[in-house]
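In: give the three-dimensional model of this entry:
(one chain, ligands or ions: 1)
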Amino acid sequence: MLQLYPGSEEDGLLSRRSHNTLAYSRTQAPPAVQCAWCEHRFDSNDHRLTGRVWCARCGVATTTPWPNDEQLSAAYADWYRPKSGRFSGLGDKVLRRTRSALAGRLDPILPPGPVLDVGAGDGTLVEAFVRQGREAVGLERYASGPHIRSAEVEEVDGTWSAVIFWHSLEHLRQPARALSYAAALLSPGGVLVVAVPNATSLQARVFGDRWLALDLPRHLVHLSPPALLSKIEALGLRIERVSYLRGGQVVFGWVHGFVGKLPGHPDLYDAIRRSEARQASQSPALRLYAFAAAVAALPLALAATAVEVAARSGGTIYVEARREPAPERVPA
Ligand SMILES: [Zn+2]
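Out: Coordinates of the predicted model:
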């Protein structure tokens, strides 16, 4: 069943999410002509799937058609991240708890200095660092707040103890360039932290076009661990930690995928969102169906997670990489 590349489902088998988001393509957006990661111009050697092209040179997929700014803005419309929060029930609270845990984990391993969170969302991680007593700034195009700036990483200067891309690198038009720029912002001993979906994970291969983290067209690149890790090493950073679980969404990716395989293809991700944060309206019965299916699928999802994490093929890649501290000067 495993393929070299995540599978493709053609002929109208796409999920509703993909239908909605791919609808942009049929009108205006041109096909992607080059790899968004390594800038190789696509030719007949590159592998074309629905909504993305796999680069034969670097093994990273680029979203195609390539959305223009207007189409991307539409894809991040108010429903995507409403001010009232994204998730119903305990969802937003759980999210805040896990972000605080990440800040708590990183704070002791960083040198003194401020933290830059690229793609900060509603600023939950930034606020968690501030609560730890550390200065922190978040970059986010579509949000505002006391510690949030509407800017790209390339517009930032100064030196930072950490630059964090928590599920944001895949949203950028020039992600490799952004990483290079971020590495140059690190103080000696500073840490680059990246979490992205793993497009060559077991769950990506099993669920193909229905995989949760494909998220077209918002995800513009679909990274593999070798491509990401070799780029970070090429920037002169020392990789200290790689996890195929810590990037989050791994168990949920499986549960969502199993639920989506049922008749009617219920969308669990939409079902757990607040009504104003859903891509499409869902009847209470459909939500109940999705939740019941999720509970039933959980044991299988946990088993699948254990298998893919053990195989270092988990649904996300999490990396911590450090800029070597300047050598200590030996007194003459
Ligand atoms: Zn490439």
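In: packing partners for the helix or strand hosting S161?
Out: Take DSSP states H and E as the rule and S161 turns out to sit in strand 160-166. Contacts defined by 3 or more C-beta pairs under 8 Å, 6 or more residues apart in numbering; DSSP states H and E place strand 160-166 against helix 91-106, strand 115-118, helix 175-185, strand 186-197. From N, CA and C alone the C-beta is placed, and that goes for glycine too.
In: try 6 Å
Out: Counting contacts by 3 or more C-beta pairs under 6 Å, 6 or more residues apart in numbering; DSSP states H and E, strand 160-166 packs against strand 115-118, helix 175-185, strand 186-197.
In: now V251. Nearest residue, chain neighbours left out?
Out: Nearest residue to V251 in three dimensions, chain neighbours excluded: T305, at 5.0 Å (C-beta to C-beta, 6 or more residues apart in numbering).
In: wait, the one you found touches G248, no?
Out: No. Assessed by C-beta atoms under 6 Å, T305 is found out of contact with G248, at 11.6 Å.
In: give me the more crowded residue out of the two.
Out: Neighbour comparison, T305 and G248: the larger count goes to T305, with 22 against 18 (by other C-beta atoms under 10 Å).
In: now L116: how far from the ion?
Out: In this view, L116 and the ion are 26 Å apart by C-beta to the ion, to the nearest Å.
In: I'd assumed V163 was in contact with that residue.
Out: Yes. Using C-beta under 6 Å, L116 is in contact with V163, at 4.8 Å.
In: any idea how many residues pack against Y76?
Out: So Y76, with other C-beta under 10 Å, has 13 neighbours.
In: brain fart, T62
Out: 23.
In: what's the separation between it and the ion?
Out: Counting by C-beta to the ion - T62 and the ion are separated by 8 Å.
In: pull the contacting residues for that residue.
Out: Counting by C-beta atoms under 6 Å, 6 or more residues apart in numbering, T62 touches 32, 35-36, 53, 221.
In: filter these down to the ones in strands?
Out: Among those, the members found in strands (DSSP state E) are 53, 221.
In: dump the contacts of T62 into JSON lines; add distance to the ion, neighbour count and pLDDT as well.
Out: Shown next, in JSON lines, are the contacts of T62 (distance: C-beta to the ion, whole Å; neighbours: other C-beta atoms under 10 Å; pLDDT from 0 to 100):
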{"residue": "A32", "distance to the ion": "11", "neighbour count": "21", "pLDDT": "92"}
{"residue": "C35", "distance to the ion": "3", "neighbour count": "24", "pLDDT": "97"}
{"residue": "A36", "distance to the ion": "8", "neighbour count": "23", "pLDDT": "97"}
{"residue": "V53", "distance to the ion": "9", "neighbour count": "23", "pLDDT": "97"}
{"residue": "V221", "distance to the ion": "9", "neighbour count": "26", "pLDDT": "97"}
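In: I'd like the contacts of T62 laid out as CSV, including distance to R97.
Out: Listed next are the contacts of T62 as CSV, based on distance: C-beta to C-beta, whole Å:
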residue, distance to R97
A32, 38
C35, 37
A36, 33
V53, 38
V221, 29
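In: report the buried residues of the longest helix belonging to the chain.
Out: In the chain, assigned by DSSP state H, the helix with the most residues is helix 284-310. If you call a residue buried by 16 or more other C-beta atoms under 10 Å, then helix 284-310 has these buried ones: 287, 289-290, 293-294, 297, 301, 304-305, 308-309.
In: doesn't F258 belong to a strand?
Out: No. In this structure, F258 is helix, not part of a strand, as judged by DSSP: H, G, I helix; E, B strand; the rest coil.
In: surely it meets L298?
Out: No. Here F258 lies out of contact with L298, judged by C-beta under 6 Å, at a distance of 9.0 Å.
In: quick revisit: counting by contacts, list what the longest helix of the chain packs against.
Out: helix 250-260, helix 268-271.
In: deepest-packed of the ones you listed, please.
Out: helix 250-260 (a mean of 24; mean count of other C-beta atoms under 10 Å).
In: so what touches it?
Out: 203, 207, 210, 212, 266, 268-269, 290, 293-294, 297, 301, 304-305, 314-316.
In: and if we set it to 7 Å?
Out: Residues outside helix 250-260 that contact it (C-beta atoms under 7 Å, 6 or more residues apart in numbering) are 15, 203, 206-207, 210-213, 266-269, 290, 293-294, 297-298, 300-302, 304-305, 309, 314-316.
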